[in-house]
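In: sequence and computational prediction follow.
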Amino acid sequence: MDTMKIGRVTAVAGNLIRAAFTDEVAQNEVAYVILDDKRLRSEVIRVDRAGASLQVFEETHGIKVGDRIEFVGELLSVALGPGLLGQVYDGLQNPLPKLAEEYGFFLPRGVSLPALDPAKEWQFRPSVEVGARVAAGQFLGWVPEGIFRHHIIVPCGLSGAVNVAAVAEEGHYRIDDTIAELEGPDGRREVVKLMFHWPVKIPITAYHERFRPTEPLITKIRTIDSLFPIAKGGTYCIPGPFGAGKTVLQQITARHAEVDVVVIAACGERAGEVVETLREFPQIEDPRTGRSIMERTVIICNTSSMPVAARESSVYTAVTIAEYYRQLGLDVLLLADSTSRWAQAMREISGRLEEIPGEEAYPAYLESRIAHFYERAGAVKLYNGDTGSLTIGGTVSPAGGTFEEPVTQGTLKVVGCFHGLSRDRANGRRFPAIDPYESWSKYPGFISSDLLTKVKAFLSKGRDIEQMMKVVGEEGTSLEDYIDYRMSDFFDQVYLQQNAFDDVDGATSKERQAHVFAFLIEIMETGFSFLDKAQALQWFQNLRQAFVDWNYSPWLSEEFAAMISVSFPLDGFFSVA
C-alpha cells in the first residue's frame, strides 16, 4: 500500500462530500472518512483545482466540515479466488450473512469483513513446474470448488512473460498462503497467493483472443431460444413495465440456462424482491447437479434503501467477479436487475456534482457508461486453448413503461438481443410476457430461418386481423381471416406461453423445442375449411387442450399425431386443402 495521504472534509451533500488535500490524489482512488471510531469507505469521482469530490458508500449523517479523510492510493477492488460461489455480498463485497451473524440485522456503519474466508483450507494441486514460462491469466494449479476445478491463475495485472521460480507442492493451503513465486527478466520476484485483488472498473483482458458470439445459450424458455435467441458471450436486455415479470424471468433463466456460473446483481431493487431471491435460491434444486443452485451462484445485492453510491458499485463488483470465472474457462451468466436503478444512481450523483444534465436529467455520459458495462461481455479463447464466455443480461424498468426513455434507448444501441415485455400480455396472464412483435435478436439460433420466417408471418398476420376485429367486430371478419387469427392464437397459447412453475413445462430442452416447433409449423401450414366460426373456434380449443395434455410427455411423437387424427377426424369436420 502507498503512503497514506491526509485530507479534510470541506462540504457534505448527501452521499457526496468535498475534500481538500495537499498531496496527489487520483481519480477513482479509495478514501476513508474518519467519523469517531468508524472508517467510511468512499471513492474519488472528480478531482479539480479546488479539491476532490468523493462518493461515500454509506450514510453520511454526522460527518462535518474538518473531519479527517485518509486516501489509500488504491482503486476500488474486489478479492478474486476460490470461495466466491454460494456467497451473498453487498456492493463492496462484504459477505452479508456473516455481517448479520456478527452484528445482527441492523448493520452499523464502517464495518467490513473479508470477502473470502481466511481460515478455510483448500487442496491445491500444481499444474506447472519450476522454470515454466507463464503470463497473466495462465493456470498455475487448481483447487476443487463445488463441481468445478477452480484454476489458480497468474494475477491478471502482470505484464509480459515471467518464469516460475517456485511452486507449492500438493497440499492444503489458506487463501493468503503463497503457492508460487514468479521471477521477471529483471530478477524481481512476485508472490502469488490463492487470491488476488482487481479494480472493479477495469476489464480483465488476460486472454489470447476474443471472438464474435455465435453459439446459442440455451435458456429452456421457448420464446427466447426459438424466436429471439441469446448467444454465449452476448448481451441482451429485458425492458418492461412494473409487474410484467422481469425479475421472475431472470430467476427462471438463472435456474435453467446452460451455463456454469450465475452472478446476480440485485441493483437497487425493492428489499422485498431481494429477500425473496435470497430465501428461494438456496431451496431451488439445480437441474444440473440435483443440489442447491446456490452452489454455482454469486449474489451481489444493494436494495433501493441503501445509499445510491453503493448501488453503482454493485454492478461493477458483479461484472468483475463474472469476468474472473470466465478467465477460468467457464460459461458465466450475469443478470443485472435493474440497470434503471443504476442509471438513477448516476443521475443523482451527477446532480450533486452540478454537471450539465442530458435527456431527462440523466448525465450526458449515460450511454457511454451503459456501453462500457455491456462491452465487458464476450466469448474468449484462453492461453491454454480453453474457451470461456460471459453473457450479460440486464433488466430495464422504464418510467411509465415506455421504451423511448434514455436508459432503454441507450441499452438498445449496444445489446444484441431485445426481449421487450408487454403490459397487455402480462395483464392477460400470458407469461413470459415477451412481446413477439416488438422483440428481436441479432444472434443465430437453432431454428432455421425458413421456419422462423413462416412463424413470424403467421403471428404478424394474426395480430393484424385481431386489430381489425377490434374495429369491425367478429361478424365483420371473413371465415378465412378468422381461421388465420385462431391459428396464430393457437401457436401463442401452446408454444409462446410457458408455465414456469410446472415441473415439465417450466424448462424445454433444445431438442424438444425443435421437434415441437416443426410439428406446429406442419399444423399451421395445413389448409383448413370449416362450416362456420363457431366450429373453427371449437376445433382449435379442442386441439389446444389435446396439445396441453400431451405436452407434458417427454416430447411430441407419432402417438400424438395419431391421437389427433382419432380425436378430430378429417371427414365431415374439416378438409385438407
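Out: Perfect, I can see it now. Just so it is clear, the structure is predicted and the values come from calculations on it, not from any experiment.
In: for the rest of this, base every contact and every neighbour count on C-alpha atoms.
Out: Noted.
In: ends of stretch 404-420, what's the gap?
Out: Taking C-alpha to C-alpha, to the nearest Å, stretch 404-420 runs 12 Å from one end to the other.
In: give me the pLDDT for the closest residue to residue 326 other than its chain neighbours.
Out: Nearest residue to residue 326 in three dimensions, chain neighbours excluded: residue 388, at 5.0 Å (C-alpha to C-alpha, 6 or more residues apart in numbering). At residue 388, the model reports a pLDDT of 96.
In: with residue 307 instead?
Out: 77.
In: is it true that it touches residue 57?
Out: Yes. Proximity of residue 307 to residue 57 meets the contact threshold set by C-alpha atoms under 8 Å, at 6.3 Å.
In: roughly how far apart are the nearest residue to residue 508 once chain neighbours are set aside and residue 261?
Out: Excluding its sequence neighbours, the residue lying closest to residue 508 (C-alpha to C-alpha, 6+ apart) is residue 220, at 4.7 Å. Applying C-alpha to C-alpha, the value for residue 220 to residue 261 is 16 Å.
In: for residue 549, same thing?
Out: Residue 549 is 34 Å from residue 261, by C-alpha to C-alpha.
In: who has more neighbours out of the two?
Out: More crowded of residue 549 and residue 261, by other C-alpha atoms under 10 Å: residue 261, with 25 against 10.
In: ok, back up a step: the residue nearest to residue 326: how many residues sit nearby?
Out: Neighbours of residue 388 (other C-alpha under 10 Å): 24.
In: please list the outside residues in contact with whichever strand or helix holds it.
Out: Per DSSP states H and E: residue 388 is located in strand 387-396. Residues from elsewhere that reach strand 387-396 (C-alpha atoms under 8 Å, 6 or more residues apart in numbering): 231-240, 246-247, 322-323, 326-340, 374, 376-382, 407-408.
In: look up phi and psi at the spatially most central residue of the chain.
Out: Centroid-nearest residue in the chain, with C-alpha atoms, centre = their mean: residue 335, separated by 1.5 Å. Backbone geometry at residue 335, expressed as degrees, to the nearest 10, gives phi -110, psi 120.
In: that one contacts residue 249, correct?
Out: No. Assessed by C-alpha under 8 Å, residue 335 is found out of contact with residue 249, at 10.5 Å.
In: quick one: mean pLDDT for the helix or strand in which residue 265 is found?
Out: For residue 265, the element it lies in under DSSP H and E is strand 261-267. Average pLDDT, strand 261-267: 93.
In: give me the contact list for it.
Out: Outside strand 261-267, the residues touching it (C-alpha under 8 Å, 6+ apart) are 254, 274, 296-304, 311-312, 314-315, 318, 321-322, 325, 330-339, 341-342.
In: and the helix or strand harbouring residue 332, which strands flank it?
Out: Assigned by DSSP H and E, residue 332 belongs to strand 331-337. If you go by DSSP bridges, strand 331-337 pairs up with strand 261-267 (parallel), strand 387-396 (parallel).
In: how's the protein carved up into domains?
Out: Taking automatic domain parsing as the reference, the chain has its domains at 5-75, 88-101+112-199, 209-441, 449-567.
In: look at residue 22 and report its pLDDT.
Out: Reported pLDDT for residue 22: 87.
In: now do it against residue 132, distance only.
Out: 46 Å.
In: more neighbours: these two, which one.
Out: residue 132 (13 against 10).
In: distance of the more buried one from residue 177?
Out: Where residue 177 is concerned, residue 132 sits at a distance of 21 Å (C-alpha to C-alpha).
In: what about the helices in the stretch 451-577 of the chain?
Out: 479-491, 510-524, 533-550, 558-567 (DSSP state H, counting those that start in this stretch).
In: fine, thanks again, bye for now.
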